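1. Predicted model, plus sequence, below.
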Amino acid sequence: MLEVNFLSIPHLIAVALLLLLYKCNVYLKPIIVGQASIIVIVQPWTSVKNLWSLGAFSEVVLAEEKRTQKLVAIKCIPKKALEGKETSIENEIAVLHKIKHANIVSLEEIFESKSHLYLVMQLVSGGELFDRIIEKGFYTEKDASKLIQQILDAVKYLHDMGIVHRDLKPENLLYYSMDEDSKIMISDFGLSKIEGSGSVMSTACGTPGYVAPEVLAQKPYSKAVDCWSIGVIAYILLCGYPPFYDENDAKLFEQILKAEYEFDSPYWDDISDSAKDFILHLMEKDPNVRYTCDQALQHPWIAEDTALDKNIHESVSAQIKKNFAKSKWKVRKISILSWMHFDFLICMIYAL
C-alpha cells in the first residue's frame, strides 16, 4: 500500500497522476478528513459498468456521504453543456423535487460550482433490466407481470401528480440492488413534463421504437404516451425483441404510426392470451381508447393469476442478446470532482 498526500503537490500534477493511475488499471480509494460532506470514490468504470451511463450532456460518478457513509450517485453536468438547454435541466429538477416513490430514483441534494451543476441521486446498484433477465436461469410471464406492475404503479403515481415521463424504455429501468427479489426503479427524467406547466405537449421526443404514434404524428398528446411505452416494454419482456424494427427510420416510424405489430410464431406460441390482450390494450393506436395505468393495473394479467409459470428464459434471453447488443454500453470515463474543499486528503492506492 502506498499513501500519497495530494495536497503536498500542485493540483494539476495530482489530477494528472490520478488519471495515469486509472489508465494503468490501479484502484484508487480516497479517504477524506475535513469538512467535505461527500467523498468521491474514484475507480475504473468497468467495475460498475452496469450502474452508470453517459447522458447527452452529463456523466455519473459514485460517491459516499461522509457523515453517514451512504453511497450515492452524482450526476455531473458541465454548465457549458447547459447553454441553450437550461429549460431542460430546470424541468428535470422541478420534476425530481416533486416526486417521491419507492420505484423512482430520487433526488437527494443539489450542489453547484462555477463550472458544474451536481445532482446527488439515490444510488441504484442492481444493474439494468436486460442484464438481470439474461443472468437468470428461470424467467416466466409471472416475472414479467410483476415487473410491469411495479412500472405501472410508479407511472400511475407520476400521472396522478400531473407528470409525463416521455422516455420510458428498458435502459431507464434499473434494479435497486443485486437481491433476487429487488424492486425495479425508473430513472432519467430529462424529457419529463409537468402537465399544465407551459405549452401543450406536441414536441416529438423520446426514443425511436418506444414512442407512441401520436408523438411521431406531431399531434398534441397526453400522458397516454407513457402507457404506450409500457406496452412496448411488456412486449419485449415476453419475447426479447421489439414490436417495431427497421434499419430505415422512415419505415420504422411508418410501422409505429400504423401500429403494425404481430405476435410472431414460434416466439409467442407459449405466451398466454391474457398477456397478448394486455399488450393490445396498451399498444392501442387511439390514445383515447388506450388503457390508462389504472385500467392496466386492473387487467387480469396484472391483478389476477393469468400470467403463466412456464420458463421462457432460453428464448427471451437469446432474443435480447441478439436484438439489444451491448454496443450501447459506452466506455465510461473517470470523473474527478475538484469543486469541493478538502482540508486533508490521503489517497491509498491498491493494485488490482
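-> Okay, I see it.
2. burial count for E247?
-> Neighbours of E247 under the rule other C-beta atoms under 10 Å: 6. For the C-beta atoms, the positions are set from N, CA and C on the backbone; glycine is no exception.
3. so what's it scoring on pLDDT?
-> Listed pLDDT for E247 reads 84.
4. That one falls within a helix, correct?
-> No. Assessed with DSSP: H, G, I helix; E, B strand; the rest coil, E247 is coil; it does not lie in a helix.
5. ok, now how distant is it from P208?
-> Distance of E247 to P208, given as C-beta to C-beta, to the nearest Å: 12 Å.
6. before we move on, what about Q218?
-> Counting by C-beta to C-beta, the gap from Q218 to P208 is 14 Å.
7. the more surrounded of the two?
-> P208 (15 against 10).
8. tell me the average confidence for stretch 151-167?
-> 92.
9. With only the CA atoms kept, save that stretch in CSV.
-> C-alpha atoms of stretch 151-167 as CSV (Å, rounded to 0.1, in the frame of the first residue of the first chain):
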residue,chain,number,x,y,z
ILE,A,151,-43.7,0.2,-13.5
LEU,A,152,-47.4,0.8,-13.7
ASP,A,153,-47.6,1.7,-10.0
ALA,A,154,-44.8,4.3,-10.4
VAL,A,155,-46.1,5.8,-13.7
LYS,A,156,-49.6,6.0,-12.2
TYR,A,157,-48.1,8.0,-9.3
LEU,A,158,-46.4,10.3,-11.9
HIS,A,159,-49.6,10.7,-13.8
ASP,A,160,-51.6,11.4,-10.6
MET,A,161,-49.0,14.1,-9.9
GLY,A,162,-49.5,15.6,-13.4
ILE,A,163,-46.1,14.4,-14.7
VAL,A,164,-45.5,12.6,-18.0
HIS,A,165,-42.1,10.8,-18.3
ARG,A,166,-42.0,10.7,-22.1
ASP,A,167,-38.9,8.4,-22.3
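10. Tell me, please, where in this structure the pLDDT is lower than the cut-off.
-> For the chain, the stretches with pLDDT under 70 are 1-58, 85-87, 190-207, 325-352.
11. Pop the domain breakdown of it in here.
-> Domain ranges of the chain: 2-123+331-351, 129-328, per automatic domain parsing.
12. hey, which helix is longest across the chain?
-> helix 141-160 (DSSP state H).
13. I am finished for the moment; much appreciated.
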